[in-house]
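> coordinates only, sequence not included:
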């Protein structure tokens, strides 16, 4: 999407050089770094320079490519696979990406392996962007419908979308999932405004979603995670779009902690609540999200106890509001039961949040 | 309650000197200041050195007392009344406190007026503390019941209470409202643990509730405002206690923004959700909280955009996580409809959240 009035992705290759945005410095600094070695790729994923399952997958695939270019021996390939596989424990797309690399190299002469992986990585980025673009097109039809229903009303005709965390293009290669319909609507001239949940503790809404929208020119307002229910009670939210880290075959959704609270409020106020779910987020083996999906518990002291930001002089510092930053707990995700989800927006269309509807869109998974 | 192993209130008078805790510096510094003039009292309320409706009321009454001691002329009394009345727009107890002062001085010879106000102020503080103590005793019976039901179970027998914002003794003269039952249970040797919602944007949970509990020795854990629903889904919350800024005659509750989301989650998970409501928080003229209670919208840039805390060197600084701290909105309260409230804990006992039950406890309001 647009950054400083130019088109940009989260990862790209030009003349053999692979580059990424180091997202840890946003929104304060746009830092671009090259991935030249296996260690560069491992650190990019492990240190969360990139995050978001699709973006991690794309980085892992390019990580295999640069590693094999540097050393295409069987031993080096095995090391690369194991190193990348261990770089982040929960990202679904990571293992898929490196498994695809291993399959593609099978039986290929050593000198040709790197070229094959570079070509695959480029195609994977294009495919991921296309999948997100499709989700955006389907999601936009819901915004069109809302616009039609508002037509002729006396209010300002603004369509207010609420989102939680960052499921924008920074979490993918391009377009994003939950923000993709918003970009499509905005690019088509629709009067759309986004309520951006701050998303404590890591503040991905305030840091990344706000930055994305700011750069692309989409109107937005950052609100505390406490505010969404109140706005819905007062008719200030037309629809919610969120992403998903894992979707069960039955339509339960595991996403950033706090998603469940917004789904409850949407349900209580008859606000449509949609999850933008590329099919590679669906775990077809799982039936009960609350019982089956393991929830990552991260450091409370580092992420809840201390808040990192820019001070008035532009210096990055961390502060605490608490008497003891260690007395904290930090569950990273929660599960929203399917009954609170109006629908899942996939790259093949919009599905109700249940098994039969999902299988109708993806019959090959039956 | 206990601070540095000594008993303390939020406001007190000793040998004619009125002192308060300047709460703006907590939890980083315990700063005590004297109220010697009308201007001291006005600034204490207006600049939020004290906050919480009962604590504001107590401060306003002592503010009248010190003002009249300095100048007991009719003109000065009129100025004092008007100045204090304008110091904070929404606190219900403020106007009540200064009206009581005016009534008490009616027909009293000028030299005796100050003494009367000092005596009244001391009594008001004791009365408020007693009211909160009673709420604690009634609330503790609910914790006793939970303990009884857990008895013999194999788990750790910890009773987990979730609270939002600060409705502890810092918001009153002593004991608090929502935290009072917890102090009563803890003092009686019960194994109680508190989930403290951070409560963005002003972080009263992380700053004040955590500090109170830390000082008194009550086990607690600060969590982000996003987390409570997930903890309830996993059986980690036995009961919720929150305060109220205004309660309708029908049982709707206006409290710190985000209270509504926790009430929804409690309802969805069959977790009892109680509001600790001293009767002076009840607005007997109001029937519909969502339609009738005006919601204060505060500065988004100052409170949401910038976060103030202590850095690693102990220096108080403010930082932002956002590309533009001005693109924020800051509604201070929300309304929880009565249907999501298990009960109201008043100084006269526990009531269902409806008009008939409330009037049964307070028949003089019929």
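Happy to help now that I have it. Every value quoted in this text rests on a predicted model; they were computed, and no experiment measured them. Numbers count the residues shown, from 1 in each chain, chains lettered A, B, ... in the order given.

> can you classify residue A:244 as helix, strand or coil?
Secondary structure state of residue A:244, per DSSP: H, G, I helix; E, B strand; the rest coil, is coil.

> from chain B, how far out is it?
15 Å (Cβ to the nearest Cβ, to the nearest Å). Every residue, glycine included, has its C-beta placed from N, CA and C.

> got the phi and psi for that residue?
phi -150, psi 140 (degrees, to the nearest 10).

> got a list of what it touches?
Residues in contact with residue A:244, defined by Cβ atoms under 8 Å, 6 or more residues apart in numbering or on different chains, are A:167, A:177, A:253-255, A:275-277, A:281.

> go again using 6 Å as the cut-off
For residue A:244, the contacting residues are A:253, A:255, A:275, A:277, A:281, by Cβ atoms under 6 Å, 6 or more residues apart in numbering or on different chains.

> chain center to the helix or strand hosting residue A:58, what's the gap?
Using DSSP states H and E, the element containing residue A:58 is helix A:53-70. With Cα atoms, centre = their mean, to the nearest Å as the basis, helix A:53-70 stands 18 Å off its chain's centre.

> same question, stretch A:125-134
Mean-position distance between stretch A:125-134 and its chain equals 13 Å (Cα atoms, centre = their mean).

> try stretch A:341-358
The answer for stretch A:341-358 is 18 Å, by Cα atoms, centre = their mean.

> and the helices in chain A?
A:38-46, A:53-70, A:74-85, A:92-105, A:110-150, A:180-187, A:204, A:210-216, A:228-233, A:259-268, A:289-292, A:300, A:355-361 (DSSP state H).

> now mean pLDDT and mean neighbour count too, for these, in TSV please.
Converted to TSV, the helices of chain A look like this (pLDDT from 0 to 100; neighbours: other Cβ atoms under 10 Å in any protein chain shown):
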stretch	mean pLDDT	mean neighbour count
helix A:38-46	97	20
helix A:53-70	96	27
helix A:74-85	97	16
helix A:92-105	93	18
helix A:110-150	97	18
helix A:180-187	98	25
helix A:204	96	27
helix A:210-216	97	23
helix A:228-233	98	25
helix A:259-268	98	26
helix A:289-292	94	16
helix A:300	96	21
helix A:355-361	98	16
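
> residue B:245: which of those helices is closest?
Nearest of the helices of chain A to residue B:245, taken as Cβ to Cβ: helix A:228-233 at 13.5 Å.

> for the closest one, name the packing helices and strands.
Under the contact criterion of 3 or more Cβ pairs under 6 Å, 6 or more residues apart in numbering or on different chains; DSSP states H and E, helix A:228-233 touches helix A:259-268.

> okay, the angle between the helix it packs on and helix B:259-268?
Helix A:259-268 runs at 90 degrees relative to helix B:259-268, counting by axes from the mean of the first three to the mean of the last three Cα atoms, to 10 degrees.

> so which elements touch helix A:259-268?
Counting contacts by 3+ Cβ pairs under 6 Å, 6+ apart, helix A:259-268 packs against helix A:228-233, strand A:333-336, helix B:259-268.

> try 8 Å
Applying 3 or more Cβ pairs under 8 Å, 6 or more residues apart in numbering or on different chains; DSSP states H and E, we find helix A:259-268 packed against helix A:228-233, strand A:239-242, strand A:273-276, strand A:333-336, helix B:228-233, helix B:259-268.

> which residue ranges make up the domains of chain A?
Domains of chain A are assigned by automatic domain parsing as A:2-125, A:136-365.

> quick one: terminal-to-terminal distance for the shortest one?
The first and last residues of domain A:2-125 sit 17 Å apart, counting by Cα to Cα, to the nearest Å.

> one step back: to residue B:62, which of the helices of chain A lies closest?
When the helices of chain A are compared for distance to residue B:62 using Cβ to Cβ, the nearest one is helix A:228-233, at 34.3 Å.

> tell me what residue A:33 is bridged to.
residue A:20 (DSSP bridges).

> do I have it right that it meets residue A:19?
Yes. Contact status for residue A:33 versus residue A:19: in contact at 6.8 Å, counting by Cβ atoms under 8 Å.

> so which of the two has more stuff around it?
residue A:19 (17 against 14; other Cβ atoms under 10 Å in any protein chain shown).

> quick one: that one from chain B, how far?
22 Å.

> okay, that residue: pLDDT?
pLDDT for residue A:19: 98.

> one more: residue A:166?
So residue A:166 comes in at 97 (pLDDT).

> list the residues that contact it.
Contacts of residue A:166 (Cβ under 8 Å, 6+ apart): A:52, A:199, A:204-205, A:207-209, A:212, A:243.

> residue A:168 now?
A:1, A:176, A:178-179, A:208-209, A:212-213.

> returning to what we had before: chain B: which of the contacts of residue A:244 is nearest?
Closest to chain B out of the contacts of residue A:244 is residue A:255 (10.8 Å), distances taken as Cβ to the nearest Cβ.

> what's near enough to touch the closest one?
Each residue near residue A:255 by Cβ under 8 Å, 6+ apart is listed here: A:164-165, A:242-245, A:275, A:333-334, A:336.

> please name the nearest non-neighbouring residue to it.
residue A:244 (5.0 Å; Cβ to Cβ, 6 or more residues apart in numbering or on different chains).

> tell me how far residue A:330 lies from chain B.
Using Cβ to the nearest Cβ, residue A:330 is found at 7 Å from chain B.

> meant to ask about residue A:157, not that
Distance of residue A:157 to chain B, given as Cβ to the nearest Cβ: 19 Å.

> for the one residue in the stretch 51-200 of chain A that gets nearest to chain B, which non-adjacent residue is spatially closest?
Nearest residue of the stretch 51-200 of chain A to chain B: residue A:200, at 4.2 Å (Cβ to the nearest Cβ). Using Cβ to Cβ, 6+ apart and skipping the chain neighbours, the partner closest in space to residue A:200 is residue B:224 (4.2 Å).

> next one: residue A:204
Using Cβ to Cβ, 6+ apart and skipping residues adjacent in sequence, the residue nearest residue A:204 is residue A:166, 4.0 Å away.

> quick check: phi and psi on the one you found?
Backbone torsions of residue A:166, given as degrees, to the nearest 10, read phi -120, psi 110.

> how about residue A:188?
Per-residue torsions, residue A:188: phi -90, psi 0 (degrees, to the nearest 10).

> so what's it up against?
Residue A:188 neighbours (Cβ under 8 Å, 6+ apart): residue A:140.

> residue A:351 against residue A:343, yeah?
Yes. With contact defined as Cβ under 8 Å, residue A:351 and residue A:343 form a contacting pair (6.3 Å).

> count of neighbours near residue A:170?
Residue A:170: 26 surrounding residues under other Cβ under 10 Å.

> residue A:329: neighbouring residues, count only.
So residue A:329, with other Cβ under 10 Å, has 17 neighbours.

> near chain B, which residues of the stretch 151-300 of chain A?
A:198-201, A:203, A:206-207, A:210-211, A:214, A:220-231, A:233, A:256-258, A:260-262, A:264-265, A:268, A:290, A:295, A:300 (Cβ under 8 Å from any Cβ of the partner chain).

> if I look at the closest residue to chain B within the stretch 1-150 of chain A, how far off is residue A:12?
Distance from chain B to each residue of the stretch 1-150 of chain A (Cβ to the nearest Cβ) is smallest for residue A:27, at 3.8 Å. Look at residue A:27 and residue A:12: by Cβ to Cβ, to the nearest Å, they are 20 Å apart.

> if the closest residue to residue A:215 other than its chain neighbours is in a bridge, with which residues?
Nearest residue to residue A:215, sequence neighbours excluded (Cβ to Cβ, 6+ apart): residue A:3, at 4.9 Å. Under DSSP bridges, the beta-bridge partners of residue A:3 are residue A:6.

> pretty sure residue A:3 contacts residue A:26?
No. Between residue A:3 and residue A:26 there is no contact under Cβ under 8 Å: 10.2 Å.

> between these two, which is the more surrounded one?
More crowded of residue A:3 and residue A:26, by other Cβ under 10 Å: residue A:26, with 21 against 16.

> and the more buried one, what does it touch?
Residue A:26 makes contact with A:170, A:207-208, A:211, according to Cβ under 8 Å, 6+ apart.

> list just the nearest of those to residue A:76.
residue A:170 (31.1 Å).
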